[in-house]
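Colleague: Sequence below, structure please.
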Amino acid sequence: EFEVSRPGVFELEALQGCGNGSGGSEVVFELDDAAGGQVVPMTVQETGGFQAFVPRKIGTLKIDAAGRHTLSVRVKKKPGPAVMDLRQVVLRPVTSEGK
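Modeller: Just a heads-up that it's a prediction; the model follows:
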């Protein structure tokens, strides 16, 4: 759960790690129905180890209303023995500077 003080478009970044032989899992980041039920897919990349985290910019979400929201991560496909370690998810406001 997280709080949005101002609506807008947000870049979604995941800090993920994945051991050799476990890459290729497919996950989705799902925003609650109050924010339109948006889904951003991601294919997990091997990083050389589950604690070898790399930042991944994976898409954008549009949040139309300030307030409390929920972002979930769900596995859709797991071809290896594990999915990933997910250390952090960041939502950064997308600015329209220069426009």
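Colleague: ranges for the strands of the protein?
Modeller: With DSSP state E as the criterion, the chain has strands at 2-4, 8-18, 26-31, 39-43, 49-63, 67-69, 71-77, 85-93.
Colleague: mind checking how far residue 84 is from residue 37?
Modeller: 23 Å (CB to CB, to the nearest Å). C-beta here means a position set from N, CA and C on the backbone, and glycine is covered the same way.
Colleague: Contact partners for residue 94?
Modeller: Residue 94 makes contact with 8, 9, 10, 11, 60, according to CB atoms under 8 Å, 6 or more residues apart in numbering.
Colleague: now with 10 Å?
Modeller: Taking CB atoms under 10 Å, 6 or more residues apart in numbering, we find residue 94 in contact with 8, 9, 10, 11, 60, 61, 62.
Colleague: Switch those residues over to TSV; also include distance to residue 75, neighbour count and pLDDT.
Modeller: Formatted as TSV, the contacts of residue 94 follow (distance: CB to CB, whole Å; neighbours: other CB atoms under 10 Å; pLDDT from 0 to 100):
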residue	distance to residue 75	neighbour count	pLDDT
8	29	16	94
9	26	15	95
10	23	18	96
11	23	14	97
60	22	14	96
61	19	21	94
62	24	13	93
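Colleague: ok, of those residues, which one's closest to residue 72?
Modeller: Taking CB to CB as the measure, residue 72 lies nearest residue 61 of the contacts of residue 94, at 12.4 Å.
Colleague: how many neighbours does the closest residue to residue 83 other than its chain neighbours have?
Modeller: Among residues not flanking residue 83 along the chain, residue 25 sits closest, at 4.5 Å (CB to CB, 6 or more residues apart in numbering). Neighbourhood size, residue 25 [other CB atoms under 10 Å]: 19.
Colleague: show me what contacts residue 25?
Modeller: Applying CB under 10 Å, 6+ apart, the residues near residue 25 are 18, 42-45, 75-80, 82-84.
Colleague: Quick one, grab the pLDDT at it.
Modeller: Listed pLDDT for residue 25 reads 98.
Colleague: again with residue 96
Modeller: Taking residue 96 on its own, its pLDDT is 60.
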